[in-house]
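**Student:** Any chance you could fold what I've pasted below:
(chains A and B)
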Amino acid sequence: MDDLRTSSPNATYTAHCAEGELAYQVDTSTGTAVFFPRVIAPATGAPLEWRVSKGLGTVHATTVVHTKGEPPHTVALIDLDEGFRMMSRVEGIDPMAVRIGMRVRVRMHPGEPPYPVFDPEPGQ
Amino acid sequence: MSGLTPTRLTRASVAIVGAAESELGQCAPGTTPVDLMAQATRRALDDCGLNLADIDGVFTNASQLRMPTLSLCEYLGLKPRYQDGTGIGGSSFMTHVQHAMLAIEHGLCSVALVAYGSTQRSVSRAAASPREWNPYESPYKPFMPATAYALAASRHMHQYGTTRENLAAVAVAARQWALMNPVAWEKEPLTIEQVLAARMVSYPLTVRDCCLVTDGGGAIILTSAERARSLKQKPAYVLGVGECLSHASISNMPDLTITGAAQSGAIAYAMAGVGPQEVQTAQVYDAFTINTILFLEDLGFCPKGEGGRFVSEGWIAPGGGLPVNTSGGGLSYCHPGMYGLLVLIEAARQVRGDAGQRQVANCDVALAHGNGGVLSSQVTVLLGSGATI
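**Tutor:** A predicted model of the protein is given here:
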């Protein structure tokens, strides 16, 4: 468990992002993947261990957000192969062409802090 | 169902005896959320013949007030024996009914006021309910809450073949009902084609798939069934209540196509001793058109996945087999932010038989279903007329 005076779940997650890694946690009592990052595991209260995802996933749900004065953008829920779900964006494709079931791969979007976005896997 | 705990509350131990809206729509500059609560409270007291001094239990929540029971009690000059500011979004007031029932059954209070007010149209939605920063969602710029409901809709369309036309049918039915409600915000008819052609907000939801943004509020008064029978109005007995909290952020919703209404409804039905076939009108929190479809399925009015077909066949519209959101709903009547109390008010009016032109014939059982957050909190209340006890 984090000493919250010196470290936090979000700080650890963000540090991984800065290294180009998508980090998640695993419940040490059940092996279940956990996301978003926490200090203890949901439901069991067990300690958590950090892991780095291979970054491959599948689009679970998708929408296209229309904001005045900006081009439409996707917001999607991505199921990572390790068994956790997260919100993100699918880039490099017409937003309306993002499909549920599409295979995607993570990439760090430069920012302060950097954050994970996804690109469609080739051949889809 | 797992997690289904039998309630120890007593069916029909309390009743809604007074119910009233404040002004709805657009209020004068300077109007506060508590002004609207107080106006609705005065009207609800007049409705049942009780006085402010009779109120000894206060239940309220409002996104514009940090300590809502303090604000309301100060304004009304009340020192209640019992108070509760539970806040779980738009379904808070259904939970307040449950907590008021508990408090009245145990003698913690005898006359409970549940009140709500919002000036979100006047001050802007962003000012009225600022959103928390979520480091795992906010960077992706979801337009909340619409984007969360759009994601749920995308799964329903993918899994069950639900169409944008099905979603639009919900908005059109709501508008048809609203045209029979003199205080509804929307006054003009609406077609499927108009819904589809409206400005896109978060695909597949256009602005006509989204609830209104209005000012407004309401109040209900509850007391024991025994006392209720001596008051002015026919009591709307609380037959059953059930609640389910399933997540806070849409990324963490266990299944985007199954809401906590499946659990809250099952608990409420079991307590009430009725099933969906006995419900004569369902008032369900329609923040977005997909809500109505999800709740009709999860509350047992049609099989999972068939909500789209159900609404497109006209079941929920005037003249249909299951009148739904007879006030016009959040889509066409009013939507002052946390709309659940207005859902309860319409359900109470239907079982009292005083819903005017939109009254459902022989309405003895009405369901009021509240939704909060992003399909996060689900609370179901079943109300019954004197014929049900």
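**Student:** which helices and strands sit right next to the longest strand belonging to chain A?
**Tutor:** Of all the segments of type strand in chain A, defined by DSSP state E, the longest one is strand A:56-65. If you count contacts as 3 or more CB pairs under 8 Å, 6 or more residues apart in numbering or on different chains; DSSP states H and E, strand A:56-65 packs onto strand A:73-80, strand A:103-109, helix B:146-160, strand B:200-202. Yep, even glycine has a C-beta here, placed from its N, CA and C like the rest.
**Student:** what's the distance between the third one and the middle of its chain?
**Tutor:** If I follow you right, that is helix B:146-160. On the basis of CA atoms, centre = their mean, to the nearest Å, helix B:146-160 sits 21 Å off its chain's mean C-alpha point.
**Student:** Does the nearest residue to A:Asn10 once chain neighbours are set aside lie in a helix or a strand, and which?
**Tutor:** Nearest residue to A:Asn10, sequence neighbours excluded (CB to CB, 6 or more residues apart in numbering or on different chains): B:Pro135, at 5.7 Å. Using DSSP states H and E, B:Pro135 sits within no helix or strand.
**Student:** Can you name the residues of chain A that neighbour chain B?
**Tutor:** Counting by CB under 8 Å from any CB of the partner chain, the residues of chain A close to chain B are A:10, A:14, A:35-36, A:60-67, A:72-73, A:75-77, A:85-89, A:96, A:100, A:109, A:111, A:115.
**Student:** From those residues, list just the buried residues.
**Tutor:** Listed as buried from these are A:14, A:35-36, A:60-66, A:73, A:75-77, A:85-89, A:100, A:109, A:115; burial here means 16 or more other CB atoms under 10 Å in any protein chain shown.
**Student:** what helix or strand is the residue nearest the centre of chain A on?
**Tutor:** Residue closest to the mean C-alpha point of chain A, counted by CA atoms, centre = their mean, is A:Met86 at 4.5 Å. Using DSSP H and E, A:Met86 maps to strand A:85-88.
**Student:** Then A:Gln25?
**Tutor:** strand A:23-27.
**Student:** What is that strand packed up against?
**Tutor:** Packed next to strand A:23-27, using 3+ CB pairs under 8 Å, 6+ apart, are helix A:9-18, strand A:33-34, strand A:48-52.
**Student:** want to throw these into JSON lines with mean pLDDT?
**Tutor:** Below are the helices and strands packed on strand A:23-27 laid out as JSON lines (pLDDT from 0 to 100):
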{"stretch": "helix A:9-18", "mean pLDDT": "97"}
{"stretch": "strand A:33-34", "mean pLDDT": "98"}
{"stretch": "strand A:48-52", "mean pLDDT": "98"}
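**Student:** Pick the most deeply packed of those.
**Tutor:** Highest mean neighbour count of the helices and strands packed on strand A:23-27: strand A:33-34, a mean of 20 (counted as mean count of other CB atoms under 10 Å in any protein chain shown).
**Student:** partners of it in the sheet?
**Tutor:** strand A:23-27 (antiparallel) (DSSP bridges).
**Student:** can you give me the angle the strand it pairs with makes with helix A:9-18?
**Tutor:** 130 degrees (axes from the mean of the first three to the mean of the last three CA atoms, to 10 degrees).
**Student:** Contacts for strand A:23-27 next, please.
**Tutor:** A:9, A:12-13, A:16-17, A:32-35, A:37-38, A:41, A:44, A:46, A:48-53, A:80, A:82, A:84 (CB atoms under 8 Å, 6 or more residues apart in numbering or on different chains).
**Student:** and if you look at stretch A:117-124?
**Tutor:** By CB under 8 Å, 6+ apart, the list of residues contacting stretch A:117-124 reads A:56-57, A:76, A:78, A:88-93, A:98, A:102-109.
**Student:** Quick check: phi and psi on A:Pro120?
**Tutor:** Torsion angles at A:Pro120 (phi, psi; degrees, to the nearest 10) stand at phi -60, psi 140.
**Student:** now B:Val172
**Tutor:** According to degrees, to the nearest 10, B:Val172 has phi -70, psi -40.
**Student:** Quick check: closest non-adjacent residue to residue 96.
**Tutor:** Answering for chain A, as no chain was given. A:Val64 (5.9 Å).
**Student:** Switch to chain B, please.
**Tutor:** Per CB to CB, 6+ apart, closest to B:His96 is B:Phe59, 3.8 Å.
**Student:** now B:Ala146
**Tutor:** B:Ser202 (4.5 Å).
**Student:** Report pLDDT for the one you found.
**Tutor:** Looking at B:Ser202, its pLDDT is 98.
**Student:** Would you confirm that it contacts B:Phe143?
**Tutor:** Yes - at 5.3 Å, B:Ser202 counts as touching B:Phe143 under the criterion of CB atoms under 8 Å.
**Student:** hey, what's in contact with both of these two?
**Tutor:** Taking CB under 8 Å, 6+ apart as the criterion, B:Ser202 and B:Phe143 both touch A:Val65, A:His66.
**Student:** the more surrounded of these two?
**Tutor:** Legend: neighbour count by other CB atoms under 10 Å in any protein chain shown for B:Ser202 and B:Phe143, higher for B:Ser202 (28 against 17).
**Student:** For the more buried one, which residues are in contact?
**Tutor:** A:Thr63, A:Val64, A:Val65, A:His66, A:Val75, B:Pro142, B:Phe143, B:Ala146, B:Thr147, B:Tyr149, B:Ala150.
**Student:** quick one: which of those residues is nearest B:Ser92?
**Tutor:** B:Tyr149 (18.6 Å; CB to CB).
**Student:** The residue nearest to that closest one when sequence neighbours are not counted: neighbour count?
**Tutor:** Among residues not flanking B:Tyr149 along the chain, B:Phe288 sits closest, at 4.1 Å (CB to CB, 6+ apart). Other residues lying near B:Phe288 total 29 when counted by other CB under 10 Å.
**Student:** Likewise for A:Arg107?
**Tutor:** Neighbours of A:Arg107 using other CB under 10 Å come to 16.
**Student:** Now do the contacts for it.
**Tutor:** Neighbours of A:Arg107 in contact, by CB under 8 Å, 6+ apart: A:Glu91, A:Pro116, A:Val117, A:Phe118, A:Asp119.
**Student:** any idea of the pLDDT on it?
**Tutor:** 98.
**Student:** quick one on the thing from earlier: report the buried members of the contacts of stretch A:117-124.
**Tutor:** Counted by 16+ other CB under 10 Å, the contacts of stretch A:117-124 give A:57, A:76, A:78, A:88-91, A:93, A:98, A:102, A:104, A:106-109 as buried.
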